Structures are given as structure tokens and as C-alpha cells.
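Undergrad: Sharing a model prediction with you, sequence too.
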Amino acid sequence: MNFKFSTLLIFVGSFLFAQTGGGMWIPTELNEKEMKKMGMNISAKDIFNSQKASIKDAIAHFGGGCTSEVISPQGLLLTNHHCGYSQIQSHSTLQNNYLQDGFWAKSMRDELANPGLTATFIIDIQEVTSEVLTGENTTDNVIKENIKTIVNKTKKENWQEAFVKPFYKGNKYYLFITETYRDVRLVGAPPSSIGKFGSDTDNWVWPRHTGDFSLFRIYADKNNRPAEYSPENIPYKPKHFLPINIKGLEKNDFTFVFGFPGLTDEYLPASAIEQTVKTLNPAKVEVRDEALKIMDAYMKQDQNIKIKYASKYASIANYWKNMIGVNQGIKKSGAIQIKRDYEQRLLNKIREKCKTEKSERCVQYPSMIEDLNQLYQKIEHYNLAKAYFDEAIYRNSETFRIALTLSDLSKNEGQVSDEFRNRVSDYLKSLYKDYEPQVDKDVSLAVWNLYKKNVPAEFQPDNINITAEDLDTSIITGGRKINQISLIENPKLFLSQGNLKEILNADPLIQKIKAIESAYSAKASPKRISLQNKIDDLLKKYMKAQMDFMQDEKKFFPDANSTLRVTYGKVNGYAPRDAVYYDNTTYLKGVMEKYVPGDYEFDVPEKLRSLYAKKDYGVYAKNGKMPVNFIATNHTTGGNSGSPALDADGNLVGLNFDRVWEGTMSDLYYDPEISRNIMVDARYILFIIDKYANADRLIKEMKLVK
Ligand code: ARG
Ligand code: GLU
């Protein structure tokens, strides 16, 4: 290939990239022209306007982790079933099992309060970079001071909050003014056999058939302002709520997703991605593999264990499956080589420019990538130790996690307050609620063996091995009682023992975990942190260099950081592998194809089966078929759960809840060929509310558009 031809290819490639290259954009800085070209009918100001009502006034950060949106003039709030899961669970009892059977409040009076649950709206976003970065190399302390000053002088109402966050790896800063409502009540949820249909087997998978939604309502004081829960509170009157499109979208239609993506790393050098894919993910997956295998075997044998471990299993499996998908996607997309070539092009441009330019950046930039590569090499075995420590000692063994907590307590005994002791006891109580000593013993021994085998010896204490006997005889597993008090049965009483420190110090398991933790903390952590700080400094420069030199190749959006973003794309299927093509929409027919009577993942409620048999879909069907889920090229990540998918006119058409497995590497590298977000079709949500739950009082609140 001659030079001109390859430059042309790069140029064409980057043109395509600009069209469909993903991106999570700050809503005050949208590329309106491009969005309109792709089919949007509204303006950027309709999406975000701090001066008058706009779509952003319907979008709320839900509990700080998910997204939700207002869909009625009375503060009705839509989010995912998996986002409302713990609230639905907390109201469930054996008699009223809302997780299993669903929940539909008959009237506003029956809507259920959820202490601690919040809904946060964004009032305004302003760039404040020049006030935060006041000098050439502003130090962290000066940055902190500058941020404090900005926050203090920000004009806001006394029920509002203000904070500043870094973007583009610290090259830019933005100020946020927010309003947080604290009386958010549960209104409705389908049974898990709809809301969590397909469970772990279908998680991260397309084709998908899940009705992953639940309904809440925001309540406000009589002035429509945030207030703690009170029976006197009234339904919140939003500045804007989303009308719902019941015509649906077709392939290639424009759509955008508006929400709070949590964390991405799109601007890492190839060497960092290589380390994640070749070393760190396999280590984490290996530990989780062991833990999941053991839990699964017990869960299959014993219904009681199955219930106790369902949620733990799901939470370990979620990112286990994600990491496997990331690794496959990085490989399939060739992301590492693509990034290497990109680095080379960047370096060439820098060298060319710096032939004539004499500046600080020309001193720093040319060596930056090589310096990063070397630092990543140096940090690798520290990162590996951290991966094993996090996964084996902290994440997957509950016994070890309890031991860590208790060894902390024993270190500080004498100085700890009653309040702290109570907190520890509550924490232990919550861990012990679903704890099976035998299951956790097997998991603990298995993950310990991986730790011992794989963590570099220099980070481990000498001659320490954790044995079955240590686990059997520990107070943690109930192997020992002190004065007849069992730690499992009564953490509070146990922790108030006068000679607690002695008791903890006499427990071999706790002592061993303490030694393992001390060795790791002393020998691996400090070095890792200091290397990571150097890496972060360089990543900030690397980000800046990319923005200085690569603007002609691609447009830069900041990595996700749990702030409000817009991503846009088109409804489209994809080819997961050779000769296979996945369509963009699934239908109720597919739910029935997956139906396994009585199965914990694929059961289908009788009523839904009968609605299907009668094709009783109301106004929500399309050509006699009931759409369930659909996919598009929107660039989303964790935290976008519950985000609205909107049509060209800003009406709700879908509810984001997942991504396709082949494309999960989009947190590191977005590939328009295989990265897709998964949404529940709004019509399926309405059909379930209307026809399945007969909750027409809720439908009446909404505004449906055809
Ligand atoms: N994968 C989705 C997300 O990351 C859904 C997770 C909840 N569902 C589950 N089966 N674990 O959060
Ligand atoms: N299920 C994810 C969440 O809870 C969203 C899926 C994703 O990571 O894209 O936010």
C-alpha cells in the first residue's frame, strides 16, 4: 500500500468514525449539526437549557448509581427493575413477595416510601477550567482551594448543591448545580419473571427479552421543593416530563440516550489495555470462575442456598461475564494494534510540529508514550497483586472479608467508638444474613490457593497457609463460641466482649488474614500507588497531546464520570461473528421461545402467556406483534441503566438496561461494528403496565404520542 492510499484510508476511516464513533457528550456541548444530520428534529437547546424547561429537567440520577426519568406531570419516575431491585426486595416478605409476584400500588396512598433513596436533577453545568487551573502546573492543593472558592461563590438556592468535577483526565473542570429529592416512593414493578427474565444466562446478551423496568414517584414539599419523607408531601410537579412514543423506531432511525454513565477509560495507551486484557482480567476471571463454580454446585443441590446466594451470585457473575466479553471484544476488534498505530501517528505529528516549535510540550510529548509503557511494565506485578487481593481476599470470600473487618477492629481496639462498633456489627449482620459456612469455606480455600499461587512471593508473608482447620475453628465461621455467644448469631453482643482484642488475636484465621493484609499493604500498595500517581500525571499529558494533535482524526469526549451525558446513534443490528447477523428488535414470541416452566430464569407468568395466546396487545403492538427489546449504536456504560432512549423529537421510545456482550469493550474502545446498547421498548413497558397489571391509573397520567 503506498503512502497516499493509506492516508486516504485513515481519512475515510476517521470520517466514518466521526459519524458513528460513539461518545458520551456533555449536554451543554452537543454537536447539534451532526445530530440533526443523523435525523434529530429538535435543537440542542431543547435537550439542555438552564434558562427554561428542557429535556434534562426530566432526567434524574437515581440513588446515585442508576438513571431515571420523569414520565408524567405528577412526578412518575421510570427506571430499571434491577435499579429498583433492593427497594422492591426491602418491601417484600414471604406473604407479599413483590420480587416474585410484582407490585402495583392501587392509589397514591399505597405508594411505598424508601428511606435513603434519592433522585437528583441537574440545574446547570458550567465550565470552570480557567478558575481551577490557575497556573501552568497547578498543584493538587491549589486545585482543591480553587474548587472550594468556586463552590462557595456559586449562586444557588439553599436547597441546591454545587460541586466541581475533573474531565479529560484533569485537563478541564466543570461546575454542577443540582437538586436532590429525598422522598422517592415505589409505585410499581413487574414480577422478576418479567423484570429479570433470562437473569444471568441472558445478562449482557443479545437477543434479549427482558422487561427490566420499575416505577417510582418523586414527592416534594408543598412548594415543590426537596424534603425528607413526610405523609404531607405531594407528588412532584416537574419542569418537564417525557411524552412516550408508541409508534416505535425502525432500523436506522436516530435515537439518543440521556443519563449518568459511571466510568470509562477510552484514552489509555495500548500497553495499558494489553495489561488489562492479558494479565488483570484473566486473574480476576480466574478467581470468580472458582467462586461461581462452587456456589453454583451448592445452589443446584439446595433450594435454600439458591435463594440465599442468588443475589451474590448475580453480582459476582455480572462483571465476570463483562470481563470475558471485554477480552473477546478487544481481540476481535484489534483494538490494541489500532491504538498502537494511533500512538505512532500522534508521535509523528508531534515530531513534525516540534521540528520548528520550541515549547514546553515539545519537551514533554515526544517521550510520553514510551514513559507510559515503561511505567505500565513496572506497575504490572503490583496491579496483579491488587487484582488478586481485591478478588480473593476481599471480593469473593465473605469469611476473609469478615476477617479483614475484625482485624481492623483488633488493631484499633480501645480507640474505637461505640458508634463504630455498632456499624461493624450491622455490617456483619448483613453479611451473615445469607452466609452458609460450608459454601463460603469451599470458596475461601479455593480463592486462597489462587492467591498463594499467583501473587508474587515478595508481597506475601513467609510461611503462611490457610487451612480447612483454620476455617473450621474460627469464630467467624461459628466454629468457636465465646462464653456461649456466637459471632454469627449475635455480632453485637460478641463485639462488646471485654476481652475482644485477646479473642481476635487468638483466632488463627484472623491472624493469618491480618498478616496477609499487612504484607500486601506494606510491600505492594505504597509502590503501586506512587507508580499510579506518575501514570495519572502522564495520562493527563497524553490526553492533552491527543486533543492538541488528533482533532482532525476524531472528536474528543470526556471519559464517563457519573455526570449527565448524551450519547446518540441509530437503531441497528450487528454481526457478532462470521455468517451470523442479529436483528435490532425482539418480540414477545421470543419470550415464549425461551419459556421453561418453573425455571428460575426462564419461567413466564400465566397471565403473560394468556395475553400472548390471545394477542391481546392493546394499542401497543406493531403489525400484530409485541416488541420487547431493541438495540442501537448508543455508547453507554454502567450507570446508564434506567436511562431514557429518546426519538428524534425527544419522546421516550425505550429504557436502556444493558449492552451486547460482543461490544462490552466499549468502556475501553468503542467499535461501531459491534458495540450496541440494549433497551426495553417503551411499548412493552406500557403493555405490561396496562394489560398485564391493569394499572390504567398510571397510563392515564402519561402522555402517549403516535
Ligand atoms: N448487565 C446489566 C448491568 O450491568 C444488568 C445487571 C443486572 N442483571 C443481572 N442479571 N445481574 O448492570
Ligand atoms: N446494566 C448496566 C447498569 O446497571 C448498564 C449496562 C451497561 O453497562 O452498559 O448500569
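TA: Thanks, I have the structure now. Ligands and ions are numbered 1, 2, ... in the order given.
Undergrad: Pull out the buried residues from stretch 405-425.
TA: For stretch 405-425, burial by neighbour count (16 or more other CB atoms under 10 Å) applies to Thr405, Leu406, Ser407, Leu409, Ser410, Val416, Arg421, Val424, Ser425. Just so you know, the C-beta spots here come from the backbone N, C-alpha and C atoms, and that holds for glycine as well.
Undergrad: and if you look at stretch 609-624?
TA: Residues of stretch 609-624 classed as buried by neighbour count (16+ other CB under 10 Å): Leu611, Tyr612, Tyr617, Tyr620, Ala621, Lys622.
Undergrad: neighbouring contacts of that stretch?
TA: For stretch 609-624, contacts defined as CB atoms under 8 Å, 6 or more residues apart in numbering pick out 246, 248, 588-589, 591-592, 595, 626, 683-684, 686-687, 690-692, 704.
Undergrad: Repeat the analysis, applying 7 Å as the threshold.
TA: By CB atoms under 7 Å, 6 or more residues apart in numbering, the residues outside stretch 609-624 that reach it are Ile246, Gly248, Leu588, Met592, Met626, Arg683, Leu686, Phe687, Asp690, Lys691, Tyr692.
Undergrad: next one: that stretch to chain centre, how far?
TA: In terms of CA atoms, centre = their mean, to the nearest Å, the centre of stretch 609-624 is found 34 Å from the chain centre.
Undergrad: Could you do stretch 456-467 as well?
TA: Chain-centre distance of stretch 456-467: 34 Å, with CA atoms, centre = their mean.
Undergrad: At the contact with ligand 2, which residues of this structure appear?
TA: Contacts of the chain with ligand 2, taken as CB under 6 Å from any ligand atom, map to Thr636, Thr637, Gly638, Gly639, Asn640, Ser641, Phe657, Asp658, Arg659.
Undergrad: top of those by neighbour count?
TA: Neighbour tally across these (other CB atoms under 10 Å): the maximum, 32 neighbours, falls on Thr636.
Undergrad: thought that one was touching Thr567?
TA: Yes. In this structure, Thr636 is within contact of Thr567 by CB atoms under 7 Å, at 6.1 Å.
Undergrad: How is whichever residue of the stretch 251-400 of the chain sits closest to ligand 2 assigned, secondary-structure-wise?
TA: Proximity to ligand 2, evaluated over the stretch 251-400 of the chain using CB to the nearest ligand atom, is greatest for Gly262 at 6.9 Å. Classification of Gly262 using DSSP: H, G, I helix; E, B strand; the rest coil returns coil.
Undergrad: can you pull the contacts of whichever residue of the stretch 251-400 of the chain sits closest to ligand 1?
TA: Ligand 1 sits closest to Ala314 of the stretch 251-400 of the chain, with a gap of 3.9 Å, by CB to the nearest ligand atom. Applying CB under 7 Å, 6+ apart to Ala314 gives the contacts Asp200.
Undergrad: Contact residues of the protein facing ligand 1?
TA: Within the chain, the residues that sit near ligand 1 (CB under 6 Å from any ligand atom) are His82, Ser199, Asp200, Asn203, Trp204, Ala314, Asn318, Gly638, Ser641, Asp658.
Undergrad: what would those residues look like in CSV with secondary structure and pLDDT?
TA: Output for these, formatted as CSV (DSSP: H, G, I helix; E, B strand; the rest coil; pLDDT from 0 to 100):
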residue, secondary structure, pLDDT
His82, helix, 95
Ser199, helix, 93
Asp200, helix, 91
Asn203, coil, 97
Trp204, coil, 97
Ala314, helix, 88
Asn318, helix, 94
Gly638, coil, 97
Ser641, coil, 98
Asp658, strand, 98
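Undergrad: Could you identify the most distant pair in those?
TA: Ser199 and Gly638 (17.8 Å; CB to CB).
Undergrad: what's near enough to touch Thr356?
TA: Listed by CB under 7 Å, 6+ apart, the contact set of Thr356 is empty.
Undergrad: those helices in the stretch 401-550 of the chain, which residues are they?
TA: Under the criterion DSSP state H, counting those that start in this stretch, the stretch 401-550 of the chain contains helices at 418-433, 437-454, 468-473, 491-495, 500-505, 508-523, 525-549.
Undergrad: and the first one, what does it pack onto?
TA: When contacts are defined as 3 or more CB pairs under 7 Å, 6 or more residues apart in numbering; DSSP states H and E, helix 418-433 sits against helix 398-412, helix 491-495.
Undergrad: before we move on, what about the fourth one?
TA: When contacts are defined as 3+ CB pairs under 7 Å, 6+ apart, helix 491-495 packs onto helix 418-433.
Undergrad: Show residues contacting the helix it packs on.
TA: For helix 418-433, using CB under 7 Å, 6+ apart, the contacting residues are Glu398, Ile402, Thr405, Leu409, Ile488, Pro491, Lys492, Leu495.
Undergrad: what's the most distant pair in the residues you listed?
TA: The two members of those with the most space between them (CB to CB) are Glu398 and Lys492, at 18.5 Å.
Undergrad: Show me which of the two is the more surrounded one.
TA: Neighbour tally, Glu398 and Lys492, criterion other CB under 10 Å: the higher count belongs to Glu398, 21 against 14.
Undergrad: Make sure that one is actually in contact with Tyr435.
TA: Yes. With contact defined as CB under 7 Å, Glu398 reaches Tyr435; the gap is 5.9 Å.
Undergrad: Output the helices and strands packed on helix 418-433 in JSON lines, with distance to Ile631 and mean pLDDT appended to each entry.
TA: Listed next are the helices and strands packed on helix 418-433 as JSON lines, based on distance: least, CB to CB, whole Å; pLDDT from 0 to 100:
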{"stretch": "helix 398-412", "distance to Ile631": "36", "mean pLDDT": "91"}
{"stretch": "helix 491-495", "distance to Ile631": "46", "mean pLDDT": "93"}
